[in-house]
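A.B. asks: What follows is a protein structure lacking sequence information:
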DNA sequence: TAAGCGTGGAT
DNA sequence: TATCCAAGCTT
């Protein structure tokens, strides 16, 4: 049934492919590797809807990988603000410089895998989509489709190896990039987590989960542990219509991003509560934000009458232009508390 | 292998 | 409101 699966799927894709900004239109030549790579990195654990405006912004600002390679870390991080998983932005800039240095993207999967920010999925996807290489592309969509197609009942993540092997058996030699995108489109629009549209599925004839009854039972997943809660404080230090912003350390939580000074909630459990300098601090309320591995209540404390200047690595930022600072969402929410007071 | 790492939309 | 989840990578 292997050939039938890929044939059916590619026929379906020819009629139903989603039109996306980083895709070549049907009949066009292969898409620009830079755009493929950029979109794939942005799409890591991120929805198509969230990526679209960022992809537009980045390709407008930096039309080629050479342009991106020439950009400062600061500008790249600020442009990425709000998209999440900020190590992607750090690696994006690093990768662009490596690629520009060697004169273009490597075309084979093994070489792509060595670039920063490209793991098994992204290296395979770029090799297949941008360079027409046969590669076994497995993302969360493919995991779901394949687990159902082959009725693989072992829970994730342990099932990854078996799922990859099964995907290998149905990946065609020709058009493996289209095949990968077709699998992802199918997973996103037909073979969905809840309420799969089996009546519209080009693979339903071969689907063992459908045959067994309820495809939504697959893939099984290991239970996840509950999310702890933390309490932290951010500090609004204002003077002459400017606010004091710091640059967070290059690695770890929100690494490399501009931020309000805080009391260390990201590096420990609760923050220590101590403001960065002495003064007459006032409470501006609190916001709530949920990260992947903990929930945060973030109190905002403010001082506008400075006894002495803040010290260390930071900058006075015009409050009128706070949008352009590129604050990650938790701090952007906190800042909105201060702005609401004006 | 498991944990750390964001965010917003859907349900 | 709470939970789940998305075109995963790094250490």
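C.D. replies: Structure's in. What do you need? These numbers were taken from a predicted model, which means no experiment stands behind them. Numbers count the residues shown, from 1 in each chain, chains lettered A, B, ... in the order given.

A.B. asks: residue in chain A nearest to DNA strand C?
C.D. replies: The nearest approach of chain A to DNA strand C comes at residue A:119, 2.4 Å away (CB to the nearest atom of the strand). Glycine gets a C-beta too; all of them are placed from N, C-alpha and C.

A.B. asks: Contacts only, for that residue.
C.D. replies: By CB atoms under 8 Å, 6 or more residues apart in numbering, the contact set of residue A:119 is residue A:113.

A.B. asks: quick one: it from residue A:176, how far?
C.D. replies: Here residue A:119 is placed at a distance of 18 Å from residue A:176 (CB to CB, to the nearest Å).

A.B. asks: Isn't residue A:289 up against residue A:330?
C.D. replies: Yes. Taking contacts as CB atoms under 8 Å, residue A:289 lies within contact range of residue A:330: 4.1 Å.

A.B. asks: which one of those two has more residues nearby?
C.D. replies: Set residue A:289 next to residue A:330 and count neighbours by other CB atoms under 10 Å: residue A:330 wins out with 24 against 17.

A.B. asks: what sits against the spatially closest residue to residue A:303 that is not a sequence neighbour?
C.D. replies: Nearest residue to residue A:303 in three dimensions, chain neighbours excluded: residue A:279, at 4.1 Å (CB to CB, 6 or more residues apart in numbering). Residues in contact with residue A:279 (CB under 8 Å, 6+ apart) are A:303, A:305-307.

A.B. asks: Most widely separated two among those residues?
C.D. replies: Spanning the widest gap among the contacts of residue A:279 are A:303 and A:307, at 8.8 Å by CB to CB.

A.B. asks: Surely residue A:302 is within a strand?
C.D. replies: Yes. According to DSSP: H, G, I helix; E, B strand; the rest coil, residue A:302 belongs to a strand.

A.B. asks: give me the element residue A:252 is part of.
C.D. replies: According to DSSP states H and E, residue A:252 maps onto no helix or strand at all.

A.B. asks: any idea how far it is from DNA strand B?
C.D. replies: Here the criterion is CB to the nearest atom of the strand, to the nearest Å. By it, residue A:252 lies 4 Å from DNA strand B.

A.B. asks: Now that residue: phi and psi?
C.D. replies: Main-chain dihedrals, residue A:252, degrees, to the nearest 10: phi 90, psi -160.

A.B. asks: Quick check, it in contact with residue A:267.
C.D. replies: Yes. Here residue A:252 reaches residue A:267: they are 6.9 Å apart, a contact under CB under 8 Å.

A.B. asks: residues in chain A within reach of DNA strand C, list them.
C.D. replies: Applying CB under 7 Å from any atom of the strand, one finds that chain A approaches DNA strand C through A:18, A:20, A:22-23, A:39-40, A:43-48, A:85, A:87, A:91, A:116-123, A:125, A:139-141, A:144, A:181, A:184-185, A:187-188, A:193, A:221, A:224, A:226-227, A:290, A:292.

A.B. asks: Kindly recompute the last result at 6 Å.
C.D. replies: Residues of chain A lying near DNA strand C by CB under 6 Å from any atom of the strand: A:20, A:39-40, A:43-48, A:85, A:91, A:116-122, A:139-141, A:144, A:181, A:184, A:187-188, A:193, A:221, A:224.

A.B. asks: wait, residue A:330 sits on residue A:299?
C.D. replies: No. Look at residue A:330 against residue A:299 with CB under 8 Å: they stay out of range, at 11.8 Å.
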